[in-house]
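Asks: can't give you the sequence, but here's the structure:
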């Protein structure tokens, strides 16, 4: 059972790492496109069509492709001065509050997921595009789908972190009990 759980986590880690790599690769592609557009404007007085639309859609897609991995490696922006202090002084309470934080994060991702489903559905059904007809048009639904996938991956990552926090809280309680010699 524990081996299957480890195997699933490894698969999940691979998925989030691949998503992160795609997002990183796409940032590089954007860098090239933007520079070619600038060069085309400056040198040939002929910009590349659709660059502003591609960049606008891509920024959102890159964020959601990289969000779960960013959370996993502890790079999601947050202020954790209080939690660090709490982990030193009262580790079990620190793990508990961090677990609650991660559960709230999962809840927010689930809410965002639910709110994104109708937007994806509408973009798919109505075949929505950005850009100007006859100039440049790009479909919106791929980005809406990436948002949904990113929400699911990030919610799962928040739940895994919450589980780990609560396990650490429990394990820390057992260590403290063993050190004091008290029975639970």
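Replies: Structure's in. What do you need? This is a predicted model, so every value here is computed, not measured.
Asks: what are the boundaries of the strands in this structure?
Replies: For the chain, the strands defined by DSSP state E occupy 129-132, 136-139.
Asks: am I right that residue 22 is in contact with residue 64?
Replies: No. Residue 22 lies out of contact with residue 64 (CB atoms under 8 Å); the separation is 10.9 Å. For every residue, glycine as well, the C-beta is placed using N, CA and C.
Asks: these two - which one has more neighbours?
Replies: residue 64 (23 against 15; other CB atoms under 10 Å).
Asks: nearest spatial neighbour of that one, skipping sequence neighbours?
Replies: Once flanking residues are discounted, residue 64 sits nearest to residue 150: 2.8 Å by CB to CB, 6 or more residues apart in numbering.
Asks: what count of nearby residues applies to that neighbour?
Replies: By the criterion of other CB under 10 Å, residue 150 has 26 neighbours.
Asks: that one is in contact with residue 68, isn't it?
Replies: Yes. Residue 150 lies in contact with residue 68 (CB under 8 Å); the separation is 6.8 Å.
Asks: now do the shared contacts for those two.
Replies: Common neighbours of residue 150 and residue 68 are listed as residue 19 (criterion: CB atoms under 8 Å, 6 or more residues apart in numbering).
Asks: what is the lowest-mean-pLDDT helix or strand in the chain packed up against?
Replies: Within the chain, confidence by mean pLDDT, DSSP states H and E is lowest for helix 141-180 among all helices and strands, at a mean of 87. Counting contacts by 3 or more CB pairs under 8 Å, 6 or more residues apart in numbering; DSSP states H and E, helix 141-180 packs against helix 2-44, helix 51-72, helix 91-125.
Asks: next, the angle from the shortest one to helix 2-44.
Replies: This means helix 51-72. 150 degrees (axes from the mean of the first three to the mean of the last three CA atoms, to 10 degrees).
Asks: let's number from 39 now, not from 1
Replies: Renumbered: residue one is now 39, and that last one reads helix 89-110.
Asks: and helix 89-110, what's its mean pLDDT?
Replies: For helix 89-110, the mean per-residue pLDDT is 96.
Asks: please apply the same query to the first one.
Replies: Per-residue confidence for helix 40-82 averages out to 92 on the pLDDT scale.
Asks: chain center to that helix: distance?
Replies: From the chain centre to the centre of helix 40-82 is a distance of 12 Å (CA atoms, centre = their mean, to the nearest Å).
Asks: which helices and strands sit right next to it?
Replies: Applying 3+ CB pairs under 8 Å, 6+ apart, we find helix 40-82 packed against helix 89-110, helix 179-218.
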